[in-house]
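1. kindly generate the corresponding structure for this input.
(one chain, ligands or ions: 1)
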Amino acid sequence: MKLSLENRKVAVTGAGDGIGRALALAFADAGARVAGCARSTDRLESLSNETQGEGHLFIPADVKRKEDIERFSGQVAEEFGGLDVLVNNVGAIGKLATFDALDDADWQEAFEVNLLSTVRFSRAFIPVLKKSTAPVIINISSIAASRPGEVFPHYCAMKAGMSALSSSLATTLAGDGIRVNTVSPGPVWSRSWDMEARQAAQAAGKTEAAMADEIRSGTAATVPLKRMGLPEDVTGIVLFLASGHASWITGANFVVDGGVLRQPY
Ligand SMILES: NC(=O)c1ccc[n+]([C@@H]2O[C@H](COP(=O)([O-])OP(=O)(O)OC[C@H]3O[C@@H](n4cnc5c(N)ncnc54)[C@H](OP(=O)(O)O)[C@@H]3O)[C@@H](O)[C@H]2O)c1
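-> Got it, this is the predicted structure:
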């Protein structure tokens with residue numbers, strides 16, 4: 001199946017690491033022109049050096065700041081002369097804690113990074129997407145939206161909000177031909193898991209490497225396919241949704257989790 005993403009103009013938020021980085025590289029490999037943002041200029045530079053093709057745009061931005069989102073969106077729209085695909089990927093757990101240890105600031109940060117950023121990027125790019133011949137929004141949520149656990153309830157709640165927003169926008173934007181879908185990954189080893197390993201290693205008096213191995217194998221044991229995901233495991237479905245092969249798919253949620261949820265319908 002040929003995805004035909006050549007020359008599509010794609011924006012990926014939170015592109016410096018993990019799933020966002022894998023998405024930026026995969027879209028560029030498929031011939032798309034990619035714009036990405038993150039806070040770390042070093043990571044964006046390293047991404048830029050690895051990205052195939054010409055004309056990409058990697059811009060430092062903090063998605064907690066409205067003006068950074070507006071600057072990124074404005075620059076992308078102007079330099080690309082439009083946009084075809086918006087991937088709202090940026091997200092972070094923030095404080096790894098249960099409800100009793102989370103204060104208003106933790107909830108506010110989770111809201112700004114995970115949900116309000118999606119609102120703001122969508123608001124900024126929708127007028128631009130409306131001019132595309134095949135516009136698409138893909139929101140990277142989480143299985144934590146439908147299966148919240150005891151830890152990080154703030155993140156689970158924001159991801160549930162993002163998934164609901166995605167579904168609502170699919171209705172609002174259908175008349176404009178903008179398809180809006182959600183992709184919900186399960187456990188994918190990334191920087192947030194490194195941070196979890198670091199914190200747990202300190203608490204347990206173990207090395208970070210030993211704790212990372214413990215967490216990786218413990219988590220893999222809960223996954224029917226017996227391994228944690230890699231960022232690259234998420235790229236296939238996102239590129240498919242961005243392509244013309246998905247032209248009759250909107251308002252849907254796609255779970256990529258090695259079989260953790262196994263919801264039959
Ligand atoms: N990994 C998993 O197990 C998992 C599971 C389900 C869903 N997800 C979702 O998948 C998405 C990607 O997760 P990931 O694990 O790949 O993340 P990651 O490796 O931690 O990367 C997150 C990216 O977002 C950027 N970012 C974080 N805060 C930002 C901010 N305030 N402003 C701008 N950029 C910011 C980071 O760069 P800087 O720090 O340089 O800004 C980084 O490039 C997230 O929405 C996450 O919730 C992940």
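
2. show me this protein divided up by domain.
-> The chain is divided into the following domains under automatic domain parsing: 9-188+230-256, 189-228.

3. closest one to the ligand among those domains?
-> Closest to the ligand of the domains of the chain is domain 9-188+230-256 (Cβ to the nearest ligand atom; 2.2 Å). To be clear about C-beta, it is placed using only N, CA and C from the backbone, and glycine gets the same treatment.

4. average pLDDT for the closest one, rounded please.
-> Mean pLDDT, computed over domain 9-188+230-256, is 98.

5. how about it, does it reach the ligand?
-> Yes: Domain 9-188+230-256 is in contact with the ligand by Cβ under 6 Å from any ligand atom, via 14-20, 37-40, 43, 61-64, 89-92, 113, 140, 142, 185, 187-188, 231.

6. just the buried residues of those residues.
-> Buried by 16 or more other Cβ atoms under 10 Å: 14-20, 37-39, 43, 61, 63-64, 89-92, 113, 140, 142, 185, 187-188, 231, out of these.

7. highest mean neighbour count out of the domains of the chain?
-> Per residue and on average, the most neighbours among the domains of the chain fall to domain 9-188+230-256, with a mean of 20 (mean count of other Cβ atoms under 10 Å).

8. ends of that domain, how far apart?
-> From its first residue to its last, domain 9-188+230-256 covers 24 Å (Cα to Cα, to the nearest Å).

9. centre of the chain to that domain, how far?
-> For domain 9-188+230-256, the separation from the chain centroid amounts to 4 Å (computed by Cα atoms, centre = their mean, to the nearest Å).

10. cool, stretch 193-202 as well?
-> 22 Å.

11. give me the contact list for that stretch.
-> Outside stretch 193-202, the residues within contact range by Cβ atoms under 8 Å, 6 or more residues apart in numbering are 96, 187, 206-208, 210-212, 215-216, 228.

12. repeat that for 7 Å
-> By Cβ atoms under 7 Å, 6 or more residues apart in numbering, the residues outside stretch 193-202 that reach it are 96, 207-208, 211-212, 215.

13. which other residues reach the top helix by length along the chain?
-> In the chain, taking DSSP state H as the definition, the longest helix is helix 153-174. With Cβ under 7 Å, 6+ apart as the test, helix 153-174 has contacts from 93-94, 99, 102, 106-107, 110-111, 114-115, 118-119, 122, 137, 139, 141-142, 144-145, 148, 180, 182, 250-251, 253.

14. would you mind identifying the next helix or strand past that helix?
-> strand 179-185 (DSSP states H and E).

15. roughly how far out does the next helix or strand after that following strand sit from the chain middle?
-> Where DSSP H and E defines the elements, the next helix or strand beyond strand 179-185 is helix 191-204. Remark: helix 191-204 is offset 22 Å from the chain centroid, using Cα atoms, centre = their mean.

16. now do stretch 1-9
-> 20 Å.

17. residue contacts, the residue nearest to the spatial centre of the chain?
-> Residue closest to the average C-alpha location in the chain (Cα atoms, centre = their mean): Asn89, at 2.0 Å. By Cβ under 7 Å, 6+ apart, Asn89 lies in contact with 12-14, 19-20, 23, 140.

18. burial count for Gly259?
-> Neighbourhood size, Gly259 [other Cβ atoms under 10 Å]: 11.

19. okay, the nearest residue to it once chain neighbours are set aside and Val87: tell me how far apart.
-> Using Cβ to Cβ, 6 or more residues apart in numbering and skipping residues adjacent in sequence, the residue nearest Gly259 is Pro224, 3.3 Å away. As judged by Cβ to Cβ, to the nearest Å, Pro224 and Val87 stand 27 Å apart.

20. what do you get for Pro187?
-> Pro187 is 20 Å from Val87, by Cβ to Cβ.

21. mind checking pLDDT for Met1?
-> The score at Met1 is 89. That number is its pLDDT.

22. separation between it and Val63?
-> The spacing between Met1 and Val63, counted by Cβ to Cβ, is 33 Å.
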